[in-house]
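Student: Have a look at this prediction, sequence included:
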Amino acid sequence: MTLTQSDGRRRVVIEGVSPEIDGGRFPVKRALGDQVRVEADIFTDGHDSIAASVLVHREGSEEWTEIAMQPLVNDRWAAAFRVKELGRYGFMVQGWVDHFETWRRDLQKRIKAESDASVDYLIGADLIDAAAGRASGADAKWLKQRAKELRSGAKPGKDATALRTIATDALLDEIASRYPDKRFATESDREAFVVVDPVHARFSAWYEFFPRSTSADAGKHGTFADCEKRLPYVAEMGFNVVYLPPIHPIGRMFRKGPNNNPQSKPGDQGSPWAIGSVDGGHKSILPELGTIEDFKRFVKKAKKLDLFVAMDIAFQSAPDHPYVKEHENWFKKRPDGTIQYAENPPKKYQDIYPFDFESDDWTGMWEELKSVFLYWIAQGVTVFRVDNPHTKAFPFWEWVIGEVKREHPEVLFFAEAFTRPKIMYRLAKLGFSQSYTYFPWRNGKAEITAYLTELAQTPVREFFRPNQWPNTPDILTEFLQIGGRTAFSIRLLLAATLGANYGIYGPAFELMEHVPVRHGSEEYLNSEKYEIRQWDLDRTDSLKPLITRVNAIRKDNPALQSDWSLKFYPTENDQLICYSKESEDRTNLILVVVNLDPHHTQSGFVNLPLHELEIPEDRGYEAEDLLTGDRYLWHGPRSYVELGPSRPPGHILKIHRRLKAETDFEYFL
């Protein structure tokens, strides 16, 4: 160890700083206006008092803001700040021995024991003089006067009352503490960072539809003009993100037929994820949909309806994509000289060539793929759903997301990565703003509780933002296949209330499309991935009214607009799941109870920790069902619930904590 002049005098120890991901290797995530609560273990040797603060700045700025930390328990300290701009913030923790506070603390003990002496006040005068030297203006003058008064009064035989009053004055403590002696302050080992995203990174409702299936005429290919007509329908249901599968030219070589048939016929549309043909690639538009001007008009119309357009980015190429001819070295070749198509044995995707991220020209490929994002940002797109990011190199994502967000902090990246947990978490650490989850396959009470608790109540939440989807074009779960209308209602209620971010693939969801291509498969029969479908949006059995009501409840209740307050509670029937969320200021408390059985009525008691929820135990409280308008008067921690398939299979209850009693009215006084 090499000693410097001050090393040995930095006596404060700082450990266990949070939030911090992998020792500061990755930034934590927040949305605009969110609070960042910083904690750390801070202590020193001996019995001296210490003080600590958090230093915060916008990345790239030399202007730092200092926020005083407060002690909690067991040498744990905390402070909080709010992020008010998009981009990146940096923060550090610092701590120092507070000699002034040590003197003040010990003096108060001596005064209580009547053992204070003149020298104690002379020590204080020196410390106050030193603080005056670090101060300026009126504060410096005021502190010097207090030091002078202590010295002049600290003489044998003088009455100590005046000295004690000066030394223990709260104003003296306040002003002197503004100018601490930080010569030997300790700082945390490294600067930690926070990425600040737009609010819709934390709270959003997504609706996915296929543009080619929007025509009013059966069998006719939809256009962006048809998509514009679909937008009011999406907005009326209360969604704020409209997501389109790839809109690029579709390859003709090895094009897939209906139901993923490897043999296509003339007129078959193929999969939108087989990107590229003689009509262009990732910066081009499928001619049947229209032109780039048509697309920009669609984006503009969406914006007027307060809808963000999310675009699908799938970094892969059809065999006839221009990249294949122009950059053959970006793709892996087999020994016979042919390019390797995508496989996930036993599945084969002959219509797709994956990029080779070990290519000799990897830097050129990276730059080109980055330019795809930049091109569509220039067309007004700020939300990207990225297809299968776990099949591309991790260093690429860290680089490209960092590059894009440096210039465009408003851009969000949504990871479609249904893969192993550690891989999903790594992608989130690398910069993805949101991610799909395992929610579609979590149907039982125990597995829902365990999984959502992990996402909401462990350090994972600092970097991984879940987006809960009950269905996607690739996922038609067995629960939806066999559970009927009630199953769709159950999964909607769970997705929209467990997750501040959720989405549905429609109109398949609201029209309860549930037939698989074959038994045991999660693929839809006659899937839109391979053919044009026509949907009757005016069907009387549509779930549109329920979806609209649920989205309105989400917008009206701040408790449902974040995930971190999620807590589960016991029920005396495992087919009933009960959980709550509340707003940051605790004024909005939402309790959700859902029947997980789509076929039968289920009943039982829910058990609530009234003290923890700040519900008075000596009087009743009201549970207002925001779905139906019904109101229930509950007493005590244990309340009866009965839910069946004939009505909404769940309650979204707004809890009114305190009902008035006669003692609350003036005439009682």
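Tutor: Right, received. Where do you want to start?

Student: Which helix or which strand is home to residue 580?
Tutor: Residue 580 belongs to strand 576-582 when assigned by DSSP states H and E.

Student: Helix, strand or coil: sort out the nearest residue to residue 141 once chain neighbours are set aside for me.
Tutor: With sequence-adjacent residues excluded and distances taken as C-beta to C-beta, 6 or more residues apart in numbering, residue 141 is closest to residue 132, at 7.9 Å. C-beta here means a position set from N, CA and C on the backbone, and glycine is covered the same way. With DSSP: H, G, I helix; E, B strand; the rest coil as the basis, residue 132 sits in helix.

Student: ditto for the one 10 residues further on
Tutor: Following three-state DSSP, the label given to residue 142 is helix.

Student: what do you get for residue 36?
Tutor: Assignment for residue 36 (three-state DSSP): strand.

Student: same thing with the one 5 residues further on?
Tutor: Taken by three-state DSSP, the conformation at residue 41 corresponds to strand.

Student: Measure how buried residue 574 is and give me the count.
Tutor: Residue 574 has 13 neighbouring residues, counting by other C-beta atoms under 10 Å.

Student: if I pick it, what's in contact with it?
Tutor: 444-446 (C-beta atoms under 8 Å, 6 or more residues apart in numbering).

Student: Which member of the residues you listed is positioned nearest residue 605?
Tutor: For those, the residue nearest residue 605 by C-beta to C-beta is residue 445; the value is 14.7 Å.

Student: Give the partner strands of the strand holding residue 580 in its sheet and their orientations.
Tutor: strand 567-569 (antiparallel), strand 589-595 (antiparallel) (DSSP bridges).

Student: Need the ones you listed in a markdown table (columns: mean neighbour count, distance to residue 222 and mean pLDDT).
Tutor: Converted to a markdown table, the strands paired with strand 576-582 look like this (neighbours: other C-beta atoms under 10 Å; distance: least, C-beta to C-beta, whole Å; pLDDT from 0 to 100):
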| stretch | mean neighbour count | distance to residue 222 | mean pLDDT |
| --- | --- | --- | --- |
| strand 567-569 | 17 | 43 | 98 |
| strand 589-595 | 24 | 35 | 98 |
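
Student: Looking at those strands, which is nearest to residue 249?
Tutor: Of all these, it is strand 589-595 that lies closest to residue 249, at 43.6 Å by C-beta to C-beta.

Student: quick one: that closest one to chain centroid distance?
Tutor: 21 Å (C-alpha atoms, centre = their mean, to the nearest Å).

Student: going on from it, what's the next piece of helix or strand?
Tutor: That would be, after strand 589-595 and using DSSP H and E, strand 602-607.

Student: Please identify the buried residues of that following strand?
Tutor: Residues of strand 602-607 classed as buried by neighbour count (16 or more other C-beta atoms under 10 Å): 602, 604, 606.

Student: Against which helices or strands is it packed?
Tutor: Packing partners of strand 602-607 (3 or more C-beta pairs under 8 Å, 6 or more residues apart in numbering; DSSP states H and E): strand 576-582, strand 638-643.

Student: Could you list every helix and strand in contact with the longest helix that the chain contains?
Tutor: Looking across the chain with DSSP state H, the single longest helix is helix 478-498. Counting contacts by 3+ C-beta pairs under 8 Å, 6+ apart, helix 478-498 packs against helix 445-457, strand 501-505, helix 544-556, strand 576-582, strand 589-595, strand 650-656.
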